[in-house]
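Asker: okay, structure incoming, though there's no sequence with it:
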């Protein structure tokens, strides 16, 4: 039985692992599934729901293991999928933030009421905005979210949206073109970690392969930490972006896998509760149900 690993550039660790052949030393039959090649499915109205394609494909045989940001596993649990967290990264608070143009009248999260906000809906960006709105006494229904995968920076530069949740290296290009001002910092709201998850069936029945994935990711991440310029070439050659911008982005991110601890579970549970309270998932979830001590031991 082949090992199917879902990957895409947004999970930097898996993207590098895909291109370095480390996992294949332990598991010869690896099939890498580019998530960008899979049908995304119907994306819900961003005012009323969260997309769930990542979790759905994990459980429909699309792949056995995946890495994303913090939101997709919560969405998968809300759909009834039996998810298991494998590991988390260190905090990525320098990775992105919500910005407006320098001359914007928006100066605080409270000023976002009624505003158009470009974001990758269903990613960590949804969580960031929702947590900031909560602090400002606002709800998801108080803003106009614009689901803008792939063209968010363009919408922001054209003035078609009032604010943008941007991440590096894409923020670098925008900052060079127009003056921007930060309205919502990631630091102080949540840890914004990368994470990796699988199905309970895979975690319990194919433990040796799971252990091989964890070990390969640890080795690959250590290489990125020591060779950020070479790693940046793997990303820039794919999207045609700036090598310098990618190197800067990789240098400012944490590398290595950490076990899922109580602090992360508490943070993740709070986000999940907010999703439900704001009508973005249909039912509440219990994040702790997706944590297995024996999987943490692998990390």
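Answerer: It's in. Computed from a prediction, not measured in an experiment: that's the story for all the values here.

Asker: lowest-scoring secondary structure element of this structure by mean pLDDT?
Answerer: helix 53-59 (a mean of 80; mean pLDDT, DSSP states H and E).

Asker: which strands and helices lie in contact with that helix?
Answerer: Under the contact criterion of 3 or more CB pairs under 8 Å, 6 or more residues apart in numbering; DSSP states H and E, helix 53-59 touches strand 3-7, strand 65-68, helix 71-78, strand 195-199. C-beta coordinates here come from the backbone N, C-alpha and C atoms, glycine included.

Asker: name the residues of that helix that are buried.
Answerer: Residues of helix 53-59 classed as buried by neighbour count (16 or more other CB atoms under 10 Å): 53-59.

Asker: neighbouring contacts of it?
Answerer: 6, 35, 38-41, 62-64, 66, 68, 72-73, 75-77, 79, 81-83, 197-199 (CB atoms under 8 Å, 6 or more residues apart in numbering).

Asker: from those, which would you call buried?
Answerer: 6, 35, 38, 62-64, 66, 68, 72-73, 75-77, 79, 81, 83, 197-199.

Asker: not counting sequence-adjacent ones, nearest residue to residue 170?
Answerer: residue 153 (5.5 Å; CB to CB, 6 or more residues apart in numbering).

Asker: pLDDT on the helix or strand the one you found falls within, on average?
Answerer: Residue 153 belongs to helix 152-158 when assigned by DSSP states H and E. Averaging pLDDT along helix 152-158 gives 88.

Asker: okay, strands next: where are they in the protein?
Answerer: 3-7, 30-34, 65-68, 83-88, 96-101, 116-119, 144-147, 163-167, 180-185, 195-199 (DSSP state E).

Asker: quick one: closest of these to residue 289.
Answerer: Among these, strand 83-88 comes nearest to residue 289, with 8.5 Å by CB to CB.

Asker: follow-up on the earlier one: contacting residues for the residue nearest to residue 170?
Answerer: 164, 166, 170, 173-174.

Asker: go with 7 Å
Answerer: Listed by CB atoms under 7 Å, 6 or more residues apart in numbering, the contact partners of residue 153 are 166, 170, 173-174.

Asker: what subset of those residues is buried?
Answerer: 166, 170, 174.

Asker: average pLDDT for stretch 246-261?
Answerer: Rounded mean pLDDT across stretch 246-261 is 94.

Asker: between the two ends of that stretch, how far is it?
Answerer: 30 Å (CA to CA, to the nearest Å).

Asker: next one: stretch 174-183
Answerer: OK, stretch 174-183 end separation, CA to CA: 16 Å.

Asker: what does stretch 156-166 give?
Answerer: So stretch 156-166: terminal residues 10 Å apart, CA to CA.

Asker: what's in contact with that stretch?
Answerer: 96, 98-100, 104, 106, 112, 115-119, 125, 128-129, 146, 152-153, 155, 174, 177-178, 183.

Asker: just the buried ones from those?
Answerer: By 16+ other CB under 10 Å, the contacts of stretch 156-166 give 96, 98-100, 106, 112, 115-119, 125, 128-129, 146, 152-153, 174, 183 as buried.
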